[in-house]
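Engineer: curious how this folds, go ahead:
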Amino acid sequence: MKDMITDVESLLGQSTLTGPDGRRGFLKVALGTGFAVAVMPVAAQNVIKTDGVGLISGTVMVKVDGQDVPVYASQPEGKTGLPVILVISEIFGVHEHIADMARRFAKQGYLALAPDLFVRQGDATKVASIPELMKNIVGKTPDAQVMSDLDAIVAWARQNGGDTARLGITGFCWGGRITWLYAAHNPAVKAGVAWYGRLVGESTAITPQHPVDIAPTLAAPVLGLYGGKDTGIPQESIEKMKAALAKGSSKSEFVVYPDAGHAFNADYRPSYVAADARDGYARCLAWFKAHGVA
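Structural biologist: Now for the predicted structure:
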C-alpha cells in the first residue's frame, strides 16, 4: 500500500497535493493506525482487515477557516474522476475501523474520505471513556462546524480528482446522524446511508436540528440501517422519522435488523453481528449504485 505521507506526488496522478485554498500540506502522523482507547479491549477475532493492494491510502490536510482538518483518504491507484464517498466516524473518531471502512469503499472504486471532525475539540481516539468523550468532545462539536468542514472536504475532493457530481455520504452512530443532516445540508449529495444514527433529540445551540426535523424537506434519498434491539434508538423514533419523511419526497428507506442492537457493523466490538453487517454493506453499495453515486 502506498502512503500519502511519503508518496503524495502520485495521488490521483497529479504533481501536487493541495487543499481548497491551494495550500500543500499533509500530516506527519497518520489517522486510522490503531483502535480508539475507549473501545479497548478489541474483539480481535472479528476484526476485518482490508489490505491496501492497488490503493493509495493515507492522511491529507484540508484547511478550513485557518484550521487544518486531517482526512484519511483512500482510492484506487492511478485513477481519477472517481465518485466520492464521505465516511463519517462514530464518536471514537477516525481510528482503525473507520480507516478500514474507507479502504473497503476504495476497493469498490470510490475516493473515500474520512475526516477527523473532532479535531478542534480534541483527539477522540485517545480519550479513555465514552462519558468523557461525550462530555468533552462530542458534546462540544457544533453541527454547523461539521457541515462547514464537510463542505470544504467536498471542495478539496473536487479539486483533487474526485467527481463530486457523484457524491455520497455514509456514517456510523454519531456519523449516522450526521449523514442525515449533511444529505439535507448539501444539495450536491446524491445519496446517503446512515448506520444506526440518532434520529430525534433536544434542540440546543450545538445541535439545533435532528434528522426528524429535516426529514420533510430532505431531497437526497437516505437508506437507514438500524437494529431492532438498539435500546438507544427505540423503534418509536424510527416510526417518527418515517412519518416525517412521508411528508417529503426523498424516497428514503429503512432496513431494521430484528436481532441486531446498536453498532452491529462494528467488527471490533462485541455488538458486531456479522450477517447483518454483510447484508447492510451490500445494501449500502447497491443504494449508492441505484442513486447515481457509483
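
Engineer: three-state assignment of residue 288?
Structural biologist: The three-state assignment at residue 288 reads helix, by DSSP: H, G, I helix; E, B strand; the rest coil.

Engineer: residues touching it, list them.
Structural biologist: 83, 85, 168, 190-191, 193, 294 (C-beta atoms under 8 Å, 6 or more residues apart in numbering). Quick note: C-beta positions are derived from backbone N, CA and C, even for glycine.

Engineer: hmm, which two among those residues are most spread apart?
Structural biologist: Across the contacts of residue 288, the longest distance by C-beta to C-beta is 13.6 Å; it joins 83 and 193.

Engineer: out of these two, which sits in the more crowded spot?
Structural biologist: The residue with more neighbours, out of residue 83 and residue 193, is residue 193; 29 against 24, by other C-beta atoms under 10 Å.

Engineer: any idea what the more buried one is bridged to?
Structural biologist: On the basis of DSSP bridges, residue 193 is bridged to residue 170, residue 223.

Engineer: for it, what are its contacts?
Structural biologist: 168-170, 179, 222-223, 225, 283-284, 287-288.

Engineer: any low-confidence regions in this protein?
Structural biologist: Filtered on pLDDT under 70, the chain yields the residue ranges 1-29.

Engineer: closest to the centroid, which residue in it?
Structural biologist: Against the mean C-alpha coordinate of the chain, by C-alpha atoms, centre = their mean, the closest residue is residue 88 at 1.7 Å.

Engineer: how far is stretch 122-130 from where the chain is centred?
Structural biologist: 18 Å (C-alpha atoms, centre = their mean, to the nearest Å).

Engineer: I misspoke; the intended subject was stretch 98-117.
Structural biologist: 8 Å.

Engineer: tell me which residues in that stretch are buried?
Structural biologist: 98-108, 110-117 (16 or more other C-beta atoms under 10 Å).
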